[in-house]
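Student: Let me see the structure of the following:
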Amino acid sequence: MYGPGMAEIYELLHESRGKDYRAEAATVAGLVQARNPGAATLLDVACGTGAHLRHFADLFDKVEGLELSDAMLTMARAAVPAAVLHGGDMRDLSLGRSYDAITCMFGSIAYLQDSAELTATLRSFAEHLAPGGVVAVDPWWFLETSLERHVSGDTVTVGRRTMTRVSYTEREGNTSHMVVHYVVAEPDSGVRHFAEQHALTLFTRAEYEDAFTEAGLRVAFVEGIQSGRGLFLAERAEGGPR
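Tutor: Have a look, this model is predicted:
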């Protein structure tokens, strides 16, 4: 889970590295609304700092978010003050209301540890869908397309702040173990360094699709978008969750 240090620079750093939250939100909204033209309400699960949610707010009448990290939730509340934001874990989703769209972006679904958790979480998504509602899940890399080892690094300067991010990811079984180091330099506060570790499950595409089906959702996969990871789109199947 992201801590205070990363929450502060999260959106700024990723945008500076080329991530276009506005375009991604517009693409997902367009795909959702093609399936449900009247979609007016959206829940963004694992909404982080609100980077996608603030753009979804321009595309839907009412948006809400769910986030486990308190630090991220604080940033999201500042970014999207009109949104209702819930602190909580996607594994325990129980909000007592329904939505026309439920999104889970930027590979966050991969924090689920196994197929049982994935199925249970998708089932709770299905239970929170309004009639005609659509689930959109931006997956992490599939096991069959993942790299055994990967390193990346970027240095960006925004205003008077320079940030460096260096990561090393190693595949062990069906898990990506990622270690990320950050160095942030500013004239008023000097140089800060912090590191974070993440374990992301490498589900196969078939495991995702089976989990959607077991959750009572009819799923389709859109190739190529979301930095090449693709996007799952699902609607409640006849008969609902199993």
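Student: Just want the most central residue of the chain.
Tutor: Centroid check for the chain by C-alpha atoms, centre = their mean gives Met105 as the closest residue, at 2.5 Å.
Student: Contact partners for that one?
Tutor: Glu24, Val28, Asp44, Ala46, Cys47, Gly48, His52, Asp138 (C-beta atoms under 8 Å, 6 or more residues apart in numbering). (Glycine included, C-beta is placed from N, CA and C.)
Student: Sort out for me which of the residues you listed are in strands.
Tutor: Residues of those located in strands (DSSP state E): Asp44.
Student: Among the contacts of Met105, find the lowest-pLDDT one for me.
Tutor: When the contacts of Met105 are compared by pLDDT, Gly48 scores lowest at 94.
Student: quick one: that one and Phe106 touch, right?
Tutor: Yes. The pair Gly48 and Phe106 passes the contact test of C-beta atoms under 8 Å, sitting 7.2 Å apart.
Student: of the two, who's got more company?
Tutor: Higher neighbour count among Gly48 and Phe106: Gly48, with 26 against 21, using other C-beta atoms under 10 Å.
Student: Can you tell me how far the more buried one is from Val219?
Tutor: Distance of Gly48 to Val219, computed by C-beta to C-beta, to the nearest Å: 24 Å.
Student: in the longest helix anywhere in the chain, what's buried?
Tutor: Looking across the chain with DSSP state H, the single longest helix is helix 21-35. Residues Tyr21, Glu24, Ala25, Thr27, Val28, Ala29, Leu31, Val32, Gln33, Arg35 are the ones in helix 21-35 that count as buried (16 or more other C-beta atoms under 10 Å).
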